[in-house]
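> Sharing a model that was predicted from the sequence below.
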Amino acid sequence: MYFSPGFLQNSLYIVAILLIITTTLVFIYKVKHGIGPFDRLFALSVIMLINILYSILQGFINLPYMLSTIITGGLSLIAFGYVVIILVDLYKQRSTKTK
């Protein structure tokens, strides 16, 4: 299966737009209702947004391969760590509610 680079770049734009809109709406909702807006999910979405914006920047500026690999790999590793932490927290909340 082959996806053209144009299709992949346009898909990346759509994902970035959706992530920006969703993060902004959740942030506004939390501020309006007095909930602390800066939590792990917000940090995860910001890290993913930085990763996506960096990938989009690579389409316009030719950056060194090693730098790109380190930055995108590092951001992906941090995002994976946040996902694991969030899942562990959800598991702990579920196990305390059942007891």
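Arrived safely. Residues are numbered from 1 along each chain as shown.
> counting contacts, what elements does the longest helix seen in the chain pack onto?
The helix spanning the most residues in the chain, taking DSSP state H as the definition, is helix 65-98. Secondary-structure packing of helix 65-98 (3 or more CB pairs under 8 Å, 6 or more residues apart in numbering; DSSP states H and E): helix 40-60. Every C-beta, even on glycine, is put in place using the N, C-alpha and C of the backbone.
> tell me what the helix it packs on is packed against?
Right, helix 40-60 is packed against helix 5-32, helix 65-98 by 3+ CB pairs under 8 Å, 6+ apart.
> Determine the number of other residues adjacent to residue 50.
By the criterion of other CB atoms under 10 Å, residue 50 has 15 neighbours.
> And the one 4 residues further on, by the same measure?
Number of residues near residue 54 (other CB under 10 Å) recorded here: 14.
> And residue 51, by the same measure?
Taking other CB under 10 Å as the criterion, the count of residues near residue 51 is 19.
> Give me the distance between it and residue 74.
Using CB to CB, to the nearest Å, one gets 9 Å for the distance from residue 51 to residue 74.
> And for residue 20?
To residue 74, residue 20 is 22 Å away according to CB to CB.
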